[in-house]
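A.B. asks: 3D, please:
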Amino acid sequence: MLANSLSHQGQILHTDWSLSTLVFAQICQALGTPQVDLFATSLNTKLLCLVSPYPDPLTWDADSLSLPWEGIWGFAFPPSPLIPLVLNKIRTEDCKIFLVAPLRPRAHWYNQLLQLLVDVPRSLPPIPSLLSQPHSGACHHLPESLTHHAWTLSSRHVHFQRDLSSASLDRSEFPLAPSMMQSGKSTWIGVVNRRSIHSVPLFHS
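C.D. replies: Take a look at the predicted model:
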């Protein structure tokens, strides 16, 4: 495969990152352990049951976006261009997904992500090993620039949003850059339905 060839040449594939096993274990401790890894290969899966982007005899199935997600409790760490498709899948099917994705308040899909939250987002620590290439093991060269969070998402989000505190209009209309949003141990990351959304760090100092 092309990905395998490029990795052996030492090139970084920006659509092919693997999450730290330690960080994944901490997320599971905080949010629960999903049943299936929806965007993985036999090289980088975090769970015994996985769906690969291509046919593989070692996987449960292939091409997760073409499969029904009804009733699934899944883990999703898709390439960034696929995030809107993943969110639409969650919105239209009765499933629960913990998604690892960057904090991007100005992305066109960000509001939909907030709409689907059913738990407090966890900000992932920018440790050197947070993201690595599954073929070469090379780590991300700028881990301090990463803003990845673990987002627990479902179409059944009403009860979680009902318990959130009300937000002021000025914050709703003028979202802050990530570097400006720190507030103690929690971070204000946006507004949904006039309710403030805060994240908390996965690792507490």
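A.B. asks: Now do the same contact list for the residue lying closest to Asp63 once chain neighbours are set aside.
C.D. replies: Counting by Cβ to Cβ, 6 or more residues apart in numbering, Asp63 lies nearest to Pro53, which is 6.5 Å off, once chain neighbours are set aside. From N, CA and C alone the C-beta is placed, and that goes for glycine too. Contacts here follow Cβ atoms under 8 Å, 6 or more residues apart in numbering; on that basis Pro53 touches Phe39, Thr41, Ala62, Asp63, Ser64.
A.B. asks: Repeat that for Leu82.
C.D. replies: Residues counted as contacts of Leu82 (Cβ under 8 Å, 6+ apart) are Phe39, Leu65.
A.B. asks: My reading is that it lies in a helix. Confirm?
C.D. replies: Yes - secondary structure of Leu82, determined by DSSP: H, G, I helix; E, B strand; the rest coil: located in a helix.
A.B. asks: Gln112 sits in which helix or strand?
C.D. replies: Here Gln112, judged by DSSP states H and E, is contained in helix 110-115.
A.B. asks: any idea how far Ala76 is from the residue nearest to Asp63?
C.D. replies: According to Cβ to Cβ, to the nearest Å, Pro53 and Ala76 sit 12 Å apart.
A.B. asks: can you pull out the strands in this structure?
C.D. replies: Listed in chain order, the strands found in the chain under DSSP state E are 18-19, 36-37, 51-52, 61-62, 73-76, 96-102, 122-123, 131-132, 148-154, 182-183, 186-192, 195-201.
A.B. asks: Flag whichever of those strands has the least confidence on average.
C.D. replies: Out of the strands of the chain, the stretch the model trusts least by mean pLDDT is strand 182-183, with a mean of 42.
A.B. asks: List the buried residues of stretch 96-111.
C.D. replies: For stretch 96-111, the neighbour count (16 or more other Cβ atoms under 10 Å) marks Lys96, Ile97, Phe98, Leu99, Val100, Ala101, Leu103, Trp109, Tyr110 as buried.
A.B. asks: Next up, the contacts around the third one.
C.D. replies: What it means is Phe98. Going by Cβ under 8 Å, 6+ apart, Phe98 touches Ile27, Leu31, Gly32, Pro34, Gly74, Phe75, Ala76, Ala150, Trp151, Thr152, Leu153.
A.B. asks: could those residues go into a markdown table alongside distance to Leu130?
C.D. replies: Compiled in a markdown table, these are given as follows (distance: Cβ to Cβ, whole Å):
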| residue | distance to Leu130 |
| --- | --- |
| Ile27 | 12 |
| Leu31 | 17 |
| Gly32 | 21 |
| Pro34 | 19 |
| Gly74 | 21 |
| Phe75 | 16 |
| Ala76 | 17 |
| Ala150 | 12 |
| Trp151 | 16 |
| Thr152 | 19 |
| Leu153 | 21 |
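A.B. asks: What subset of these is buried?
C.D. replies: Ile27, Leu31, Pro34, Gly74, Phe75, Ala76, Ala150, Trp151, Thr152, Leu153.
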